[in-house]
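Engineer: When you get a sec, could you give me coordinates for this:
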Amino acid sequence: MENFTNASVCSFLMIMAVLACEFERGMAVWQHAHATFYGGSDASWTMGGACGYGNLYTDGYGIQTAALSTALFNNGKSCGACYQIVCDGSQVPQWCLKGGHITITATNFCPPNYNLPSNNGGWCNPPRQHFDMSQPAIEKIAKYRAGIVPVLYRKVQCKRTGGIRFTINGRNYFELVLISNVGGAGDISKVWIKWSKTNKWETMSRNWGSNWQSLSYLTGQTLSFRIQTTNGRIQTAYNVAPSNWRFGQSYSSNVQF
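Structural biologist: Numbers count the residues shown, from 1 in each chain. Have a look, this model is predicted:
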């Protein structure tokens, strides 16, 4: 057991040395948190969630995802953000996988449970920083039997395949647009919409999660969207929804961060 523990600690120290070098190059600061898992071995129960995404495969996120505690979720403003996570082998070397690390996307909310203490069941109670990861995701960094493990995390850039995706729901005079598959910072701070009968950009408001709303009548018009992520970068998807768009349909753009 002593040799195993020493090897695990050495592996953790090597990881930390690499992380220190990355910090010197201006990478985000690593912070302490805890992580557990939900959703079953195939992550089937992680689909949907408080960010509004539906099928996480078609929305571009797969199963390397997590529900965030109140302190991290920020009322849905963190939806789509990416976090790199490593198991803290300096605290629990017996549970951490050697060299294990993973990048997850925030797709759901882990609600607090005030009936339980934050160190025994109420893992997502404020002000605790906690990641409730999909089971396949946490098994990249820790053993299943651990249940809950201390971790180090940092916010990183998201890498996506294909363009930003827009799913239009709602009804006339109420367009609820789910924006997904966002690269770069991943989490959105502002959205604007423009339709073919005007040259002005209208500011959309966040309804919930990654759903943004407009109260204009837009049926029968070509729609363009402008997105700003939390790092200040802006991308514009012109004419992404054709004039014959329909509620419930999704449209992929040719732009990405």
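Engineer: Can I get stretch 190-199 in CSV? Just the C-alpha atoms.
Structural biologist: Extracted in CSV, the C-alpha atoms of stretch 190-199 (Å, rounded to 0.1, in the frame of the first residue of the first chain):
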residue,chain,number,x,y,z
LYS,A,190,-25.2,38.7,-24.6
VAL,A,191,-27.3,37.8,-27.7
TRP,A,192,-28.8,40.0,-30.4
ILE,A,193,-31.3,39.1,-33.2
LYS,A,194,-31.9,40.7,-36.6
TRP,A,195,-34.6,39.8,-39.1
SER,A,196,-34.9,40.5,-42.8
LYS,A,197,-37.3,43.4,-42.6
THR,A,198,-35.0,45.6,-40.4
ASN,A,199,-31.3,46.6,-40.3
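Engineer: How much space separates residue 207 from residue 63?
Structural biologist: Taking CB to CB, to the nearest Å as the criterion, residue 207 is separated from residue 63 by 26 Å. No exception for glycine: its C-beta is placed from N, CA and C like everyone else's.
Engineer: Give me the neighbour count for the closest residue to residue 52 other than its chain neighbours.
Structural biologist: Closest residue to residue 52 apart from its sequence neighbours, by CB to CB, 6 or more residues apart in numbering: residue 209 at 3.9 Å. Residue 209: 24 surrounding residues under other CB atoms under 10 Å.
Engineer: how close does residue 209 sit to residue 85?
Structural biologist: 21 Å.
Engineer: on that earlier part again, so the residue nearest to residue 52 makes contact with residue 50?
Structural biologist: Yes. Here residue 209 lies in contact with residue 50, judged by CB atoms under 8 Å, at a distance of 5.7 Å.
Engineer: overlap in contacts of these two?
Structural biologist: When contacts are counted by CB atoms under 8 Å, 6 or more residues apart in numbering, residue 209 and residue 50 have 76, 79 as shared neighbours.
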